[in-house]
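**Q** Next one to model:
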Amino acid sequence: MILDAGSRFLVARHDLRSVRFAPDPDAPAARPLADGEARLAIQHFALTSNNVTYAAFGETMKYWQFFPSEEPAWGCIPVWGFATVVESRADGVAVGQRVYGFLPMGTHLVVLPGRVGARGFVDTAVHRQELAATYNQLSFCANDPGYDAAREGQQAVLQPLFTTAFLIDDFLADNDFFGAKQVLLSSASSKTAYGTAFCLSRRTGAPPVLGLTSPGNLDFSRSLGCYGEVLSYGDVTAMDPSVPTVYVDFSGNAALRAQIHERFAGTLAYSCSVGGTHWDELGGGSRLPGPRPTLFFAPAQIKKRSGPAPEGWGPGGLQQRLAEAWRAFMGPVNDPAQPWLRIIESRGPAAVEAAYRSLVDGRGDAREGVMLAL
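**A** Reported below is the predicted structural model:
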């Protein structure tokens with residue numbers, strides 16, 4: 001019998017435009033299972049600008065360590081998607097079960113399931129034990145009350161981004177918006193940004209939310225209805241510099257960040273860095289006027305809210321609040337008359353590389369969500 005060698009998409013860790021495919025190190029041809037392990041066949045996964053952020057912050061935030069490459073100069077970008085258990089030597093994990101979670105851009109993943117329960121399990125592989133716990137959990141789709149087989153695309157594309165958006169909204173409110181009178185979001189057409197704007201728009205007493213975007217995405221961003229106002233990047237110099245402002249940076253564009261810090265010198269209440277869609281323009285903030293840009297790390301807010309009162313809501317409380325917000329968000333996302341998102345599905349190495357290059361080059365369509373398979 002000829003065993004499947006699979007395929008995995010690799011990116012040069014210090015040159016995100018350099019890519020190649022290699023045999024999958026977790027494919028049946030690469031290794032047999034050890035006791036306690038299970039092999040997943042990856043069915044399809046989402047690819048968004050968020051994944052470019054994972055690559056851009058791969059060293060700093062340890063994203064390259066989730067699915068380590070056998071060659072140190074190359075890395076595998078994590079993605080969110082669905083897989084099926086095709087082999088198992090792990091108690092409680094059965095062949096045929098469909099799972100959702102953090103996966104490599106490849107065809108297979110070998111996991112070491114721990115804390116197996118009705119809802120899913122944690123991958124306790126040695127190289128993942130010191131990484132953020134929220135990324136190591138895989139859910140059994142059959143026991144997930146929010147799972148909809150017809151909406152896998154929406155879940156994989158939007159749910160991780162919306163979770164981050166929900167947590168940013170919570171973080172800002174938890175800090176009384178740092179005393180600001182407006183919240184300014186860059187990359188207003190990006191899915192995490194408009195998810196944040198949506199959450200803020202539902203919050204009583206939240207400051208007005210302003211979005212910044214490119215001229216080509218103005219109409220789309222304004223059509224969403226969750227921003228108080230959307231301006232083009234060229235309009236920053238026309239903004240009122242006397243208004244105390246929180247800036248949430250989803251683009252990672254160092255020049256734009258400097259322009260905003262200088263425009264609101266003396267009134268910038270907080271500068272929050274989230275994304276890196278402009279990955280090739282990332283820069284530090286040590287010499288900027290005003291507060292130093294601070295990287296938002298969603299797992300830290302998850303840990304806080306999953307804890308006991310008064311600061312935490314408990315694990316059930318966090319999931320309940322997030323689920324309620326997600327259901328509300330799905331209304332406009334799937335509006336038959338004017339949906340916020342169209343799912344585009346493609347398969348094969350050429351399609352994966354083309355989709356990745358489109359995002360790296362900033363050519364992604366804000367109205368689309370891409371689901372891919374190798």
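
**Q** all contacts plus neighbour counts: C-alpha atoms, from now on.
**A** OK.

**Q** got the buried residues for the longest helix seen in the chain?
**A** Counting residues, the longest helix found in the chain (DSSP state H) is helix 152-174. Within helix 152-174, the residues scored as buried using 16 or more other C-alpha atoms under 10 Å are 152-173.

**Q** what does stretch 13-24 give?
**A** Under the neighbour-count criterion of 16+ other C-alpha under 10 Å, stretch 13-24 has 13, 16, 19, 23-24 buried.

**Q** for those residues, which one is nearest residue 52?
**A** Proximity to residue 52 was ranked across these by C-alpha to C-alpha; first place goes to residue 16, at 8.5 Å.

**Q** Could you tell me which of the buried residues of stretch 13-24 belong to strands?
**A** Within these, residues falling in strands by DSSP state E are 16, 19.

**Q** Among the buried residues of stretch 13-24, which one lies nearest to residue 31?
**A** Taking the buried residues of stretch 13-24 together and measuring to residue 31 by C-alpha to C-alpha, the closest member is residue 24, at 10.0 Å.

**Q** quick one on the thing from earlier: report the distance from the longest helix of the chain to the chain centre.
**A** Going by C-alpha atoms, centre = their mean, to the nearest Å, the spacing between the C-alpha centre of helix 152-174 and its chain's C-alpha centre is 8 Å.

**Q** quick one: strands adjacent to the helix or strand encompassing residue 81?
**A** Secondary-structure element containing residue 81, defined by DSSP states H and E: strand 78-88. Strand 78-88 has the following sheet partners, assigned by DSSP bridges: strand 38-47 (antiparallel), strand 98-104 (antiparallel).

**Q** what sits up against that strand?
**A** 33, 36-47, 51, 54, 63-64, 66-67, 93-105, 156-157, 160 (C-alpha atoms under 8 Å, 6 or more residues apart in numbering).

**Q** cutoff 6 Å now
**A** With C-alpha atoms under 6 Å, 6 or more residues apart in numbering as the contact definition, strand 78-88 has outside contacts at 38-46, 95-104, 156.

**Q** what's the angle between that strand and helix 152-174?
**A** Direction vectors for strand 78-88 and helix 152-174, defined by axes from the mean of the first three to the mean of the last three C-alpha atoms, to 10 degrees, enclose an angle of 130 degrees.

**Q** residues contacting residue 107?
**A** By C-alpha under 6 Å, 6+ apart, residue 107 lies in contact with 6-7, 41-42, 374.

**Q** rerun that using 7 Å as the cut-off
**A** Residue 107 sits next to 6-8, 24, 41-42, 374 when contact means C-alpha atoms under 7 Å, 6 or more residues apart in numbering.

**Q** ok, which pair from the residues you listed is furthest apart?
**A** Using C-alpha to C-alpha for every pair in those, the one that comes out farthest apart is 8 and 41, at 12.1 Å.

**Q** Kindly report the domain assignment for this protein.
**A** Following automatic domain parsing, one gets these domains for the chain: 8-147+341-373, 159-297.

**Q** Which stretches in the stretch 151-300 of the chain count as helices?
**A** 152-174, 191-201, 218-223, 254-263, 298-306 (DSSP state H, counting those that start in this stretch).

**Q** and the ones you listed as TSV, adding mean pLDDT and distance to residue 117?
**A** Below are those laid out as TSV (pLDDT from 0 to 100; distance: least, C-alpha to C-alpha, whole Å):
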stretch	mean pLDDT	distance to residue 117
helix 152-174	96	22
helix 191-201	97	30
helix 218-223	96	41
helix 254-263	94	44
helix 298-306	90	18
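
**Q** Indicate which one of those is closest to residue 135.
**A** Across the helices of the stretch 151-300 of the chain, residue 135 has its closest neighbour in helix 298-306 (8.7 Å, C-alpha to C-alpha).

**Q** Centre of the chain to the helix or strand following that closest one, how far?
**A** Where DSSP H and E defines the elements, the next helix or strand beyond helix 298-306 is helix 314-333. Its chain's C-alpha centre and that of helix 314-333 lie 16 Å apart, by C-alpha atoms, centre = their mean.

**Q** mind listing what's buried in helix 314-333?
**A** 314, 318, 322, 325-326, 329-330, 332-333.

**Q** quick one, it and helix 298-306 angle?
**A** For helix 314-333 against helix 298-306, the angle by the same axes, to 10 degrees is 120 degrees.

**Q** For helix 314-333, name the packing helices and strands.
**A** Using 3 or more C-alpha pairs under 7 Å, 6 or more residues apart in numbering; DSSP states H and E as the contact criterion, the elements in contact with helix 314-333 are helix 298-306.

**Q** helices or strands next to the helix it packs on in the packing?
**A** Checking 3+ C-alpha pairs under 7 Å, 6+ apart, helix 298-306 ends up next to helix 152-174, helix 314-333.

**Q** So for that helix, what gets flagged as buried?
**A** When neighbours are counted by 16+ other C-alpha under 10 Å, the buried residues of helix 298-306 are found to be 298, 301-303, 305-306.

**Q** can you give me the strands for the stretch 1-150 of the chain?
**A** 8-12, 15-22, 38-47, 74-75, 78-88, 98-104, 108-111, 113-114, 120-123, 137-140 (DSSP state E, counting those that start in this stretch).

**Q** Can I get these in JSON lines including distance to residue 250 and mean pLDDT?
**A** Listed next are the strands of the stretch 1-150 of the chain as JSON lines, based on distance: least, C-alpha to C-alpha, whole Å; pLDDT from 0 to 100:
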{"stretch": "strand 8-12", "distance to residue 250": "22", "mean pLDDT": "97"}
{"stretch": "strand 15-22", "distance to residue 250": "18", "mean pLDDT": "96"}
{"stretch": "strand 38-47", "distance to residue 250": "17", "mean pLDDT": "98"}
{"stretch": "strand 74-75", "distance to residue 250": "23", "mean pLDDT": "97"}
{"stretch": "strand 78-88", "distance to residue 250": "18", "mean pLDDT": "98"}
{"stretch": "strand 98-104", "distance to residue 250": "21", "mean pLDDT": "98"}
{"stretch": "strand 108-111", "distance to residue 250": "30", "mean pLDDT": "98"}
{"stretch": "strand 113-114", "distance to residue 250": "34", "mean pLDDT": "98"}
{"stretch": "strand 120-123", "distance to residue 250": "29", "mean pLDDT": "98"}
{"stretch": "strand 137-140", "distance to residue 250": "25", "mean pLDDT": "96"}
